[in-house]
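1. Quick one, fold the following:
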Amino acid sequence: MTRPGAAVIRELAAGELHRVRALWLDLHTHHLAVDPSIRPGVPPDESWARRAAQYAEWLAQPGAFALVAERDGGPAGYAVVSIGPPDDTYLVGRVMARLESLSVAPAARGAGVGGALLAAVRARLGALGAEILFVSAFSANAGARRFHLAHGFTASQVLYVGPAAAPASRPPRPPAAVEVRDAAPRDEEAVAGLLAELGAPVGPGEAARRLAAIQAAPGHAALVAVADGTAIGLAALALVLRLEDGRPSARLTALAVAPAWRERGVARALLGASEDWARRHGAGRLEVTSSGDRPAAHAAYRAWGFEPRPERFVKAL
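-> I've put the predicted structure just below:
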């Protein structure tokens, strides 16, 4: 047995699965919260019944196993690993191992329980002939992404979810007649609303202060797309000097379009104006960062000619 602090990790028999019901329901609730795009959710009791049946099926496979981390007499976390035949694409061992579930009780998070469970899982896999451990996570689950990257996993595959029937076609929305110009103090209310769309809500006064700071800083710009006299899109840019490159890079630090004006070419107009600004200022490339939970934005950037680059790491100061 392995002891992560005050917890003890041991094998969980198929007949004991009921002991981790609450931990699965915590995970089920979290899944519904991080990815609300698929609705409705399965009711809790039915969700556990389905998952428990799936666990029993997996654990009936040769080599499959479940582990539970216990603390103070109760389960603090658990992991379930299924074992299948060798992969048909990659030479990654005699069997394929998949981490089907890894859940830690809210009160035990941050205490190393998840990492200890993963270490115990890996300790079991070598004897089974597995060289690779597969795990899936919701693209919007930033916490799971951080955990897996920190424990040696890399992002390898993407699971797409779409309707089984072909979606009904809709007529294309007419392109918007917009003007792109430098942001001005009179745009403060609209800019505050656009910042809220980026998950950074501020009041008009703070928006005006930030606009003024950007406009006053050399090598920075804030642009707005205007329709009918109102700013309905925003782009912010900054030049970055790079020692390894003789020309500066232009970084798109913000790009937002009001919901009612999306899919009408507003973002493309802002991007075109941003590229013009970058060229005028001698930039050799335009770059943008985007959080991992915005797959639609990623698809748009690729369509606009951007190429994905390796992970970006950020440390708060």
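
2. Which residues does stretch 129-141 contact?
-> 30-31, 34-35, 81, 83, 87, 90, 92-99, 102, 121-122, 125, 144-145, 148, 153, 158-159, 292-293, 295 (C-beta atoms under 8 Å, 6 or more residues apart in numbering). For the C-beta atoms, the positions are set from N, CA and C on the backbone; glycine is no exception.

3. How far off centre is that stretch?
-> Offset of stretch 129-141 from its chain centre (C-alpha atoms, centre = their mean, to the nearest Å): 15 Å.

4. Same check on stretch 27-46?
-> Relative to the mean C-alpha coordinate of its chain, stretch 27-46 is positioned 17 Å out (C-alpha atoms, centre = their mean).

5. all helices for the chain, in order.
-> 21-34, 44-59, 113-128, 142-150, 188-197, 204-216, 266-280, 295-303 (DSSP state H).

6. May I see those helices organised as CSV, with mean neighbour count added?
-> Formatted as CSV, these follow (neighbours: other C-beta atoms under 10 Å):
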stretch, mean neighbour count
helix 21-34, 17
helix 44-59, 15
helix 113-128, 18
helix 142-150, 15
helix 188-197, 19
helix 204-216, 16
helix 266-280, 18
helix 295-303, 13
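
7. possible to save these as JSON lines with distance to A236 and mean pLDDT?
-> Listed next are the helices of the chain as JSON lines, based on distance: least, C-beta to C-beta, whole Å; pLDDT from 0 to 100:
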{"stretch": "helix 21-34", "distance to A236": "27", "mean pLDDT": "90"}
{"stretch": "helix 44-59", "distance to A236": "42", "mean pLDDT": "96"}
{"stretch": "helix 113-128", "distance to A236": "37", "mean pLDDT": "93"}
{"stretch": "helix 142-150", "distance to A236": "23", "mean pLDDT": "86"}
{"stretch": "helix 188-197", "distance to A236": "10", "mean pLDDT": "91"}
{"stretch": "helix 204-216", "distance to A236": "6", "mean pLDDT": "92"}
{"stretch": "helix 266-280", "distance to A236": "9", "mean pLDDT": "94"}
{"stretch": "helix 295-303", "distance to A236": "15", "mean pLDDT": "79"}
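
8. And those helices: which comes nearest L237?
-> Among these, the nearest to L237 by C-beta to C-beta is helix 266-280 (5.7 Å).

9. So what touches the closest one?
-> Outside helix 266-280, the residues that touch it by C-beta under 8 Å, 6+ apart are 176, 178, 180, 221, 223, 225, 227, 232-235, 237, 239, 250, 252, 255, 257, 285-286, 300, 304.

10. List only buried entries from those residues.
-> 176, 178, 180, 221, 223, 225, 227, 232-235, 237, 239, 250, 252, 255, 257, 286, 300 (16 or more other C-beta atoms under 10 Å).

11. Keep only those of the residues you listed that are in strands.
-> Under the assignment DSSP state E, the buried ones among the contacts of helix 266-280 contribute 180, 221, 223, 225, 227, 232-235, 237, 239, 250, 252, 255, 257, 286 to strands.

12. Between the residues you listed, which sits nearest P75?
-> L255 (44.5 Å).

13. pretty sure that closest one contacts A300?
-> No: here L255 does not reach A300: they are 9.5 Å apart, not a contact under C-beta atoms under 8 Å.
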